[in-house]
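In: what's the 3D shape of this:
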Amino acid sequence: MTTAKAINCLITSASAKVLLVEAFQKVLHPLGGKVIAADMDTQCCAGHFADAFEAMPRDDAPDYETTLLDICQRHDISLLVPTRDGELQQLARLKGRLAALGVTVPLPDASVLALCQDKKDFQAYCLTKGFPVLPIADVSHANAFPIFMRHRNGTFTGGGVMIESLSAFRRLGVDIDDYVLQPYVTDRELSCDLMMDFDGNAVQAVVRERLKLVNGESWRSQIIDLPEVEKLALDLASGLGLRGHNLVQFFYNEQDGPRVIEVNARFGGCSNLSIQSGLASPERLVALMHGDDRARENRAIKTGMMSLRYATDRLIMPGQ
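Out: Okay, here's the model as predicted:
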C-alpha cells in the first residue's frame, strides 16, 4: 500500500489566525506534514504557533513573487491557504507558477475575485443572475434615509456606516460612484461558510448567525439550520466558480428571506465555528488532495453550537 505524500501547508497573511493554523496542524501532523505561517509582521501571533514562520514583503512589492516562490520551494509546500482579501487576486495570478512547483491554491480566476471585491459590480452580477440583494437607495430623496454606505472596494477595511439623513449624507461630499448605498435594515446577519472542491463543485455549507460584532468580526456566533441559505450560498459559489473554503454574508428576515451582502473567497474570522461544528474544511481539503472522494459527502452538523471569542496573550522573550 502506497503511503500518501505528506502535505505542507503555507498560510499567508497569517496575522492572529491561530485557530486556523491549529486546525490545519491537527490534520497534517499525523500525516507527517507541517504548517508554515507567513506575514509581513515578524511578531504576528500565528507565527508563534506554526511549525515555521516566514517574513513576507507587501503583496505589491517587487520581490513579493520571488519571495513567495522561494518559501514554497524551501518548505516543499503543497497547499497554499490565503486569508486576506488584498492578496487574493495577486495569488490567483500566480497559480500557474505555483502549480509548476506542485502547489495547489484553492482560488478562482483573478477576474472572479475582482468581481467579488467590487461591491457595485457584484451587486449588478447578483441582479443579473437572479440572486436576491438589497436595492440601491435613491439618495436624491430624503425619504430614502437612513441608508447603509459601504465603499465599493471590498479590500478596504472598516466596513460600512449608517447615514441618518440626506443632509448628513451631503455633508460627507462623497462620490456616489465609489460607494454602494442601500436601505438601512435591522435584519439578522448571517455568515455561511462553504466548501467547494478544487474544480469548483459544491461540497457543503454551514450557516451561522452573527450575534455580536466587534470591528466587523463576529465575536459571538451560533450555528443555525437554514437550508434555504445553504442552497443559495452554494448556488452562488458554483456560479462564480469558487474553490476551497469561502464565506458568503447575508441579511435575513422571515418575510423577505436571505439577501446577499458579499462573498469572501477565503476563510473568515469566525470560520472556526463552522469548521468545528462539522464542516471540517481543512480536513476535507487535505483529503481531496489525497484523492479521497469521501470528502465530498455531507457531514453531520452540530446545529446550535456557539462560539464565544475572547482575547488572550502570548508571552514571549524576543530572540530566545
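In: any low-confidence regions in the stretch 51-200 of the chain?
Out: Along the stretch 51-200 of the chain, segments meeting pLDDT under 70 span 157-159.
In: break down it into its strands, ranges please.
Out: 52-55, 77-81, 147-151, 161-163, 179-183, 188-196 (DSSP state E, counting those that start in this stretch).
In: packing partners of the third one?
Out: Which is strand 147-151. Here strand 147-151 touches strand 161-163, strand 179-183, going by 3 or more CB pairs under 8 Å, 6 or more residues apart in numbering; DSSP states H and E. Bear in mind the C-beta positions are built from the backbone N, C-alpha and C, glycine included.
In: and the angle for that strand with strand 179-183?
Out: 160 degrees (axes from the mean of the first three to the mean of the last three CA atoms, to 10 degrees).
In: what does strand 147-151 contact?
Out: 119, 137, 139, 158-163, 169, 174, 178-185 (CB atoms under 8 Å, 6 or more residues apart in numbering).
In: neighbouring strands of it in the sheet, and parallel or not?
Out: strand 161-163 (antiparallel), strand 179-183 (antiparallel) (DSSP bridges).
In: repeat for the first one
Out: Sheet pairing of strand 52-55 (DSSP bridges) gives strand 35-39 (parallel).
In: any buried residues in the partner strand, and which?
Out: Neighbour counts over strand 35-39 (16 or more other CB atoms under 10 Å) mark Val35, Ile36, Ala37, Ala38, Asp39 as buried.
In: nearest spatial neighbour of Val134, chain-adjacent residues omitted?
Out: Heads up, residue 134 is Leu, not Val. Nearest residue to Leu134, sequence neighbours excluded (CB to CB, 6 or more residues apart in numbering): Gln182, at 4.3 Å.
In: list the contacts for that neighbour?
Out: Taking CB under 8 Å, 6+ apart as the test, what Gln182 contacts is Leu134, Pro135, Ile136, Ala137, Ile147, Phe148, Arg150.
In: before we move on, what about Asp76?
Out: Neighbours of Asp76 in contact, by CB under 8 Å, 6+ apart: Asn8.
In: any idea how far His245 is from it?
Out: 22 Å (CB to CB, to the nearest Å).
In: Asp177 is in contact with Ile136, correct?
Out: No. If you go by CB atoms under 8 Å, Ile136 and Asp177 don't touch, sitting 11.8 Å apart.
In: neighbour count: these two, which is higher?
Out: For Ile136 versus Asp177, the count of surrounding residues by other CB atoms under 10 Å is larger for Ile136: 17 against 7.
In: contacts only, for the more buried one.
Out: Here Ile136 is in contact with Gln123, Val180, Leu181, Gln182 (CB under 8 Å, 6+ apart).
In: so how far is Ile163 from the residue sitting nearest the centre point of the chain?
Out: The centroid of the chain falls nearest to Arg266 when counting by CA atoms, centre = their mean (2.8 Å). Distance, Arg266 to Ile163, by CB to CB: 29 Å.
In: and the residue nearest to the centre of the chain, that one's in a strand?
Out: No. Under the criterion used here (DSSP: H, G, I helix; E, B strand; the rest coil), Arg266 is coil, not part of a strand.
In: how about it, phi and psi?
Out: Phi and psi for Arg266, reported as degrees, to the nearest 10, are phi -170, psi 170.
In: thought it was touching Pro82?
Out: Yes. With contact defined as CB under 8 Å, Arg266 reaches Pro82; the gap is 5.8 Å.
In: and the contacts of stretch 223-237?
Out: Contacts of stretch 223-237 (CB under 8 Å, 6+ apart): 126, 131-132, 190, 192, 194, 196, 202, 205-209, 246, 248, 250, 252, 257-258, 260, 263, 273-274, 277, 301-306.
In: ok, now with 7 Å
Out: 131, 190, 192, 194, 196, 202, 205-209, 246, 248, 250, 252, 257-258, 260, 263, 273, 277, 301-305 (CB atoms under 7 Å, 6 or more residues apart in numbering).
In: next step: those restricted to helices.
Out: The members of those that map onto helices under DSSP state H are Leu273.
In: show me the contacts of stretch 223-237 that map onto strands.
Out: If you go by DSSP state E, these have 190, 192, 194, 196, 202, 205-209, 246, 248, 250, 252, 257-258, 260, 263 in strands.
In: and the longest helix for this structure?
Out: Max-length helix for the chain by DSSP H is helix 227-240.
In: what is the orientation angle of that one with strand 257-264?
Out: 40 degrees.
In: doesn't Ala14 make contact with Ala37?
Out: Yes. Using CB atoms under 7 Å, Ala37 makes contact with Ala14 at a distance of 3.7 Å.
In: pick out whichever of the buried residues of strand 35-39 sits closest to Asp70.
Out: Ranked by distance to Asp70 (CB to CB), the buried residues of strand 35-39 are led by Ala38 at 11.2 Å.
In: what about Ala99, how many neighbours?
Out: Neighbour count for Ala99, taken as other CB under 10 Å: 11.
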